[in-house]
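Participant: mind looking at a prediction? Sequence and model below.
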Amino acid sequence: MKHPREQSWGPGDEGLLQIDLGAIGRNYDLLQRRVGSVERCGAVVKADAYGLGMSRVAPVLWARGCRHFFVATLEEGTVLRRLLGGDAEIVVLTGARPGTERDFLETNLVPTIFTTAGLRSWADTLQATGRAGRCALKIDTGMTRLGMGAEEFDLLCHDRGLLEAAQVDLLMSHLACADEPRHPQNLLQLDAFQRAARQLQALLPSVRLSLANSSGVFLDEAYHFDLARPGSALYGVNPVPGTQNPMTAVVTLELPVIQVREVTRDCRVGYGATEAAAAGSWLAVARGGYADGVLRAQGGRGCAWACGQRVPMIGRVSMDSATYDITGLSPEKRGSLEHIQLLNQQLTVDEVAGYAGTIGYEILTSLGWRYRRQYLETAREPESRDK
């Protein structure tokens, strides 16, 4: 992912976050090919497209043919509906809380429902308004998060009238261990989902099925069903940890260096005096700390990319800055060092997540708003929108 240096750093810039929209589009293309067609590949754009900007990301996916989008909240869905118009299917993963059902109808959003009481409330709203409004039913197949339990689902399957009245159109569940292909939980969940699908399709033959998340797309095709729901892989996170990442890197984060200094005596660095720098060491302080998504847990373990090589983080991350040991750079490079990168093709979101003891999702969604954002290779906007 090479681009001309368009940054034109200004004296007041607090960092540059580059987001390659073309890479997101290419990642979507790869995912839809794996599941067989664009019609079978949705896209998760919740949390502002994992922190990268839903208003810029969603039109790119639309231009690639995506018509099925997943968000987390009613507000996210409402914003996305205004952006994409009436043709997109937008599923709200955390459902319709009591009192919001009419808002879902007004904005043509599909609520995910995971209780019988929720289905009744949705069905009652449809009856009271005389309007059509599909919903998704989510069941728990082993993750024990949001989802209807097996006993409740069995009882529900004796109430065909409620299922029809609620206009259940999509059956979903979520894989807990898809990023570990050999984990036995995957087959257990697949079997549970297949059994539930047979039960429901005996009552609602046209109901669609959705199980695969990003990592699920890279499992056997038996997990793909009618509609896959990739999220993190779109944004460059490795869906198959431990093997080469099939996805293209999406983000580059570059920070200004606000001080370079040589320490002339042995000293301690940062809060808590947790690390030491030897006399003669060279240190660079970058303007970016945990308020900007440089996670504090990276302290003493993380690194940055400077002048074509890794330089270690030293000491704890502060709110607005972090310190890096640049002793290994040549005097010429130290003297000209103005910026360092915390994310790029070499220093990926997955590697940085490892330093912080977390996952790439958290790195992306934690990226701060003090950075200047630059979008690269912008795809065309949707050709038509309902206003």
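Facilitator: Okay, I see it.

Participant: buried residues in stretch 120-128, which are they?
Facilitator: By 16 or more other CB atoms under 10 Å, the buried positions in stretch 120-128 come out as Ser121, Trp122, Ala123, Thr125, Leu126. All C-beta atoms are positioned from the backbone trio N, CA, C, and that covers glycine.

Participant: in CSV, list these along with pLDDT and secondary structure.
Facilitator: Putting the buried residues of stretch 120-128 into CSV (pLDDT from 0 to 100; DSSP: H, G, I helix; E, B strand; the rest coil) gives the following:
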residue, pLDDT, secondary structure
Ser121, 98, helix
Trp122, 98, helix
Ala123, 98, helix
Thr125, 98, helix
Leu126, 98, helix
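
Participant: same list, those, but as CSV with distance to Gly288 please.
Facilitator: Formatted as CSV, the buried residues of stretch 120-128 follow (distance: CB to CB, whole Å):
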residue, distance to Gly288
Ser121, 46
Trp122, 45
Ala123, 50
Thr125, 47
Leu126, 49
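
Participant: tell me which element Ala132 is part of?
Facilitator: Ala132 belongs to no helix or strand when assigned by DSSP states H and E.

Participant: I misspoke; the intended subject was Lys138.
Facilitator: With DSSP H and E as the criterion, Lys138 is inside strand 135-138.

Participant: that strand pairs with which strands, parallel or anti?
Facilitator: Strand 135-138 has the following strand partners under DSSP bridges: strand 110-113 (parallel), strand 168-172 (parallel).

Participant: redo these as JSON lines? Include mean neighbour count, mean pLDDT and distance to Val285.
Facilitator: As requested, the strands paired with strand 135-138 are exported to JSON lines (neighbours: other CB atoms under 10 Å; pLDDT from 0 to 100; distance: least, CB to CB, whole Å):
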{"stretch": "strand 110-113", "mean neighbour count": "24", "mean pLDDT": "98", "distance to Val285": "46"}
{"stretch": "strand 168-172", "mean neighbour count": "22", "mean pLDDT": "98", "distance to Val285": "47"}
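
Participant: dump the ones you listed into TSV; add distance to Asp103 as well.
Facilitator: Listed next are those as TSV, based on distance: least, CB to CB, whole Å:
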stretch	distance to Asp103
strand 110-113	10
strand 168-172	19
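
Participant: closest to Leu61 out of those strands?
Facilitator: Proximity to Leu61 (CB to CB) singles out strand 110-113 among the strands paired with strand 135-138, at 17.2 Å.

Participant: could you export that closest one as PDB, CA atoms only?
Facilitator: Provided in PDB are the C-alpha atoms of strand 110-113 (Å, rounded to 0.1, in the frame of the first residue of the first chain):
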ATOM      1  CA  VAL A 110     -34.400  -4.600  10.700                       C
ATOM      2  CA  PRO A 111     -34.300  -5.300  14.400                       C
ATOM      3  CA  THR A 112     -32.500  -8.300  15.800                       C
ATOM      4  CA  ILE A 113     -34.800 -10.000  18.300                       C
END
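
Participant: so how far is it from its chain's centroid?
Facilitator: Strand 110-113 sits 20 Å away from the centroid of its parent chain (CA atoms, centre = their mean, to the nearest Å).

Participant: before we move on, the earlier item: alpha carbons of the strand holding Lys138, in PDB - could you do that?
Facilitator: Taking Å, rounded to 0.1, in the frame of the first residue of the first chain, the C-alpha atoms of strand 135-138 are listed here in PDB:
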ATOM      1  CA  CYS A 135     -37.000  -8.800  11.800                       C
ATOM      2  CA  ALA A 136     -34.000 -11.100  12.400                       C
ATOM      3  CA  LEU A 137     -34.100 -13.800  15.100                       C
ATOM      4  CA  LYS A 138     -30.900 -14.400  16.900                       C
END
